[in-house]
Structure formats: structure tokens, C-alpha cells
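Asks: heads up, no residue letters with this:
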């Protein structure tokens, strides 16, 4: 025969079966081993006991309830002179634990703690005899306000922003920033005046020398004032300069830069070929420099909250010489040339229409490019003129009693009519 017994509810977990009678029978059903029922999941399970007189059986339904979810309980903060408590805002049959020990079933639970510090509790709820997993709740007891970090002095470049910050320990602090001891409000250059960080957007030189501090208030204890931090606003440095005498002859006095607009010397540098007497003053060593055109840079290191500053200026070391004829007609007389130097192979030469026209009558001469202007002349007699570049002749170029050598590194051309009568006594082509 068989019969049914009333159902029972349990939390999940192994259950020892005891309802079978008389002894000696066997239990059967999902999750049953011997007289132990291990529920595989929440739900309703039928367990049958067979045995006793005549092999009769009896069945019983076991309702397995899943553990309820943990209750909701927010963290709490109090001043040391307040009554502290913790409270679950959801759940039933609440239990509070501290250090794993049950301390209360009240909700809310008044802890009785007033010593400043941080305390941890866990809380559960129980439904149908099943206790939930715990939720963790932090209780913080605050003393009066105290500073963990004071505002620090700030040095900024004019045009930049400034910030000041404080860090305080205490309950629910409120902030009020002050300038020179007077409360300020959000707007204009000010933002964050009621927060832990004050920002001044482009305060400008008008705020140089002002001080900034913060008044902190709280419902815990008295208000406190931070120290005052000085704001320093500096003007960017000026690096403007020039070499007003440019272009310079290679043998001239070594020039130094002239500063303008408040410019000062920093570190000078240049494109390759220009040599400085001193990179800290910008004075140029003309005799050691290769003739040519250069750009000089003056770099000022970061200073006073401002970043690096640079300025540039051109300078030229003359490589193109002009015939003056100031001392006569002798090509090899330095007094007849613009820089007082007889040209060499790197120098280009211009012969203008002046009273004394050049004559190369002894030795030899070397130039890069040669230009003879309209109305001007150059005469080569019993001498050699070596030309490494081009010839532009708008005047008179005579070599009927002299020698011309073309020794450029690239193709060179002697056009018809370049030389008087298209005549050269001696012409050497030494051009690859």
C-alpha cells in the first residue's frame, strides 16, 4: 500500500531522512543516497520510503527553497558626538554580525560606538528559515576636521591657469575659498570655489602676489582654515635680437647680437658653418666661420613657470666680393676689394663700373662666379684666371694675352662674345 505525507520546506543543503517506518526499508528519489537527500537545486522533490510490512511505501514532498538575496544596507557616517546606527533598507528578519558574531536582530541597530574610526558589519535576512548571504556595511565615526594636505604656492606664466587644492579628513566638509582672506564666488576667472580644488583661469599679472586659502566647515566640530598659498605670475622671457651690421666681411671685428624689446641672451645656435666666440653671448667668430647665409637661434631655458622661449635672426658672412678699385687697378691688392680681401675659389666676384678697372697682370687669381657689369672691364695679361663657376659678362672681358682655366665641378659654358674678339691666349678645361 502507499500513502502521502505533508510537504516540508528546507533551505538547500543535505537532509537526513527520518520519516520512513517501520525500519529496514529504503529511500528513493532524486538526490537520495541511503538516508541522505542532497538537493541538486531549489524546487520540489518527491522522496519515497519502501519497506516494512508487505512492502508498503510512503512518499513525502520536500520543497527546497533558494537562499534569499542579501538585504540592502548603505554605509553610514556620524560625528563622534552623535548616536551611530546601521540600517537595512530592504529585507526581513534582519541579523547584524560583527567579527562573525551575531550582535543584533534589531533594525535599525544602534551600535553604541562613538570612538572615531571605521567599523565593518555584515547583515543578512531570513525567509522561510533560509538565511541570505551577507551584505557588508561600513560605519565611519568622524572626529573634528583636520587637514591632510594644505594648499601650496603656485608660480605660473602670464596667460596660464593656476590651481590650489586642499585635502581634509572629517565628516561632510564644505569648502569656501578665499583671496587675501576674502570669500570669492564662482564666475569670471574663478571656478571650484566650493570644492577641494580652486582654479583660476588666466588670472594675469593683476593677481600676482595674491594669496589663496580655504575655510572648511562641517557639522562635526568647528570650522578650520587652511594656510594661505602665494600666487606668483611671471611674464614670459624675451629672446629678441639681431645682428644689425650684417652682412659682415670675414676679416671684420667679431659681431655680438643687439637685443630689443627686453630680450636677453640664452644659448645661441646656428645652422652649420657659423662659429661662435661664445654660445652664451652670441658673439660670432667671423674668421673661423665659413662665408654664407645663416639663421641664428637664441634659446632661453624655462623660468618662473614659463616654458622655453626662442627667437631667430639672420646673419651673413660675405662670400661675394665687389671690386672697388680704391687703390688702383691691381687685382691682387686687397685694398681694391670690398672686404679688403683678395677673392679665392669660394668667392663670387662682381666688377662694377668704377674709375679703376681691374687688371690681372701677374701671378694668378681664383674665383667662383664672375660677373662683369655694364660699362666695367677685366683684363688678364700674362697671368692665369681660374674660374670655378659661371661667367656673366655685360661689359668687357679681355684675355688675348692671358690664360683662362675652367675648373668647375659641374658643366661650364663660355658663350660667344664672352671674351673680347672671342679670343683667349691660353684656355685650359679642367672640368670633369
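Replies: Right, received. Where do you want to start? Please read all numbers here as calculations on a predicted model, not as lab measurements.
Asks: Now do the residue lying closest to residue 372 once chain neighbours are set aside against residue 97, distance only.
Replies: The spatial neighbour of residue 372 that comes closest, neighbours along the chain excluded (CB to CB, 6 or more residues apart in numbering), is residue 395 at 4.2 Å. For every residue, glycine as well, the C-beta is placed using N, CA and C. Distance of residue 395 to residue 97, given as CB to CB, to the nearest Å: 112 Å.
Asks: now swap in residue 333 and tell me
Replies: 111 Å.
Asks: Ok, residue 418 next?
Replies: 111 Å.
Asks: Please apply the same query to residue 382.
Replies: 120 Å.
Asks: Which of the two has more residues huddled nearby?
Replies: residue 97 (15 against 12; other CB atoms under 10 Å).
Asks: Setting aside sequence neighbours, what's the nearest residue to residue 170?
Replies: residue 145 (3.7 Å).
Asks: Over to residue 245?
Replies: residue 255 (5.5 Å).
Asks: the bottom helix or strand of this structure by mean pLDDT?
Replies: Within the chain, no helix or strand scores below strand 2-11, which has a mean of 60 by mean pLDDT, DSSP states H and E.
Asks: Pairing partners for the helix or strand following it, with directions?
Replies: Moving toward the C-terminus from strand 2-11, the next helix or strand (DSSP states H and E) is strand 15-16. Strand 15-16 sits in its sheet next to strand 36-37 (antiparallel), going by DSSP bridges.
Asks: per-residue confidence averaged over the partner strand?
Replies: The predicted model gives strand 36-37 an average pLDDT of 92.
Asks: Can we start the residue count at 57 from this point?
Replies: Noted, 57 is the first residue going forward, which turns the last one into strand 92-93.
Asks: any idea how far it is from the chain center?
Replies: Here strand 92-93 is found 67 Å from its chain centre; the criterion is CA atoms, centre = their mean, to the nearest Å.
Asks: likewise stretch 101-108?
Replies: On the basis of CA atoms, centre = their mean, stretch 101-108 sits 76 Å off its chain's mean C-alpha point.
Asks: Repeat that for stretch 391-407.
Replies: 53 Å.
Asks: Give the buried residues for that stretch.
Replies: 392-396, 398-399, 403-407 (16 or more other CB atoms under 10 Å).
Asks: Kindly indicate which of the residues you listed lies nearest residue 422.
Replies: The closest of the buried residues of stretch 391-407 to residue 422 turns out to be residue 399 (CB to CB; 7.3 Å).
Asks: OK, contacts around the closest one?
Replies: 377, 393, 405, 421-423 (CB atoms under 8 Å, 6 or more residues apart in numbering).
Asks: Spatially, which two of these are the most separated?
Replies: 393 and 422 (13.6 Å).
Asks: and the helix or strand containing residue 120, what does it pack onto?
Replies: Assigned by DSSP H and E, residue 120 belongs to strand 113-121. Packing partners of strand 113-121 (3 or more CB pairs under 8 Å, 6 or more residues apart in numbering; DSSP states H and E): strand 58-67, strand 99-106.
Asks: List the buried residues in stretch 367-386.
Replies: In stretch 367-386, counting by 16+ other CB under 10 Å, buried: 367, 369, 371, 373-381, 385-386.
Asks: From one end of it to the other, what's the distance?
Replies: Stretch 367-386 has an end-to-end distance of 44 Å (criterion: CA to CA, to the nearest Å).
Asks: just how off-centre is that stretch within its chain?
Replies: In terms of CA atoms, centre = their mean, the centre of stretch 367-386 is found 48 Å from the chain centre.
Asks: What's the mean pLDDT across it?
Replies: Mean predicted lDDT for stretch 367-386 stands at 95.
Asks: Make sure residue 477 is indeed in a helix.
Replies: Yes: assignment of residue 477 by DSSP: H, G, I helix; E, B strand; the rest coil places it within a helix.
Asks: Was I right to think it contacts residue 456?
Replies: Yes: contact criterion CB atoms under 8 Å: residue 477 and residue 456 qualify, at 6.5 Å.
Asks: Perfect, I'm done here.
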